[in-house]
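**Student:** Task: produce atomic coordinates for the following.
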Amino acid sequence: MRPSCACELHAHRPCRIVLTGGPGAGKTAVLEVVQRQFCEHVVALPEAASILFKGGFPRRSSTAGREAVQRAIFRIQTELERMTLEESRAAVILCDRGTVDCLAYWDAAPARFWQELGTSHAAELARYAAVIHLRPGQGYDHSNPMRIETAEQALAIDRRIEEVWAPHPSRVIIDSSASFLDKLDAAIGAIRAQIPSCCLPEAATVGS
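**Tutor:** Sure, this is the predicted structure:
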């Protein structure tokens, strides 16, 4: 059961926060902790790519196939965010990756991606109040069937993700740590900093 807060009947002006990073960085674990520590006004969205692939969208290696995937992920992401905004319950919308992440997987010129989607890099950066980037560790867990990258490819993707989000004015990069609990605590702390005081529980560490 999620904790209650002091503003259950109040409306909010929601902000969107991106939780990003290379494959295996620990985003899933962070989102699980968010669901336990924060009230229902902190809404965590599922990853658009997982929705797409679990639904059977072809995962092809051709240029046309890879580009189709990123356009589809972009559109799923924008609709997830729009739905949550229009439901008008959220104070914070925590996104498991954001629209700009698609650019890290796009092989052609960035300008063509934005042109095809009818937007711009600057406009998509402006969607989000903050970006929390988790760096992957040295180990790489292949238990998630959605992950097809090698450890080396995961690190290369992480570098590309850092590059496409670099212009964002409010970005936190959380390095891998010898203790994953320390990394979780750092990520949760960065998320807490974006949550309105009326929705904050008493401070606690992940391991407490």
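**Student:** Residue 153: neighbour count?
**Tutor:** 14 (other CB atoms under 10 Å). No exception for glycine: its C-beta is placed from N, CA and C like everyone else's.
**Student:** In a strand, it, correct?
**Tutor:** No. Using DSSP: H, G, I helix; E, B strand; the rest coil, the assignment for residue 153 is helix, not a strand.
**Student:** which helices and strands sit right next to the lengthiest helix in the chain?
**Tutor:** Counting residues, the longest helix in the chain under DSSP state H turns out to be helix 63-87. Contacts defined by 3 or more CB pairs under 8 Å, 6 or more residues apart in numbering; DSSP states H and E place helix 63-87 against strand 42-45, helix 48-54, strand 92-96, helix 101-104, helix 110-117.
**Student:** residues in contact with it?
**Tutor:** With CB atoms under 8 Å, 6 or more residues apart in numbering as the test, helix 63-87 has contacts from 14, 16, 43, 45-46, 48-49, 51-52, 57-60, 90, 93, 95, 97-99, 102, 105-108, 113, 116-117, 127.
**Student:** one step back: could I get the helices and strands packed on helix 63-87 as CSV with distance to residue 70 and mean neighbour count?
**Tutor:** Below are the helices and strands packed on helix 63-87 laid out as CSV (distance: least, CB to CB, whole Å; neighbours: other CB atoms under 10 Å):
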stretch, distance to residue 70, mean neighbour count
strand 42-45, 18, 22
helix 48-54, 9, 18
strand 92-96, 16, 23
helix 101-104, 4, 23
helix 110-117, 7, 14
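**Student:** helix, strand or coil for residue 39?
**Tutor:** Following three-state DSSP, residue 39 is assigned to coil.
**Student:** Verify the stated contact: it with residue 196.
**Tutor:** No. Contact criterion CB atoms under 8 Å: residue 39 and residue 196 do not qualify, at 10.5 Å.
**Student:** re the thing from before, what's the angle from the longest helix of the chain to strand 92-96?
**Tutor:** 160 degrees (axes from the mean of the first three to the mean of the last three CA atoms, to 10 degrees).
**Student:** What residues does residue 119 make contact with?
**Tutor:** residue 99.
**Student:** How much space separates it from residue 66?
**Tutor:** Noted for residue 119: a distance of 19 Å to residue 66, by CB to CB, to the nearest Å.
**Student:** Would you check that residue 173 makes contact with residue 130?
**Tutor:** No. The pair residue 173 / residue 130 is not scored as a contact, 11.9 Å apart, by CB under 8 Å.
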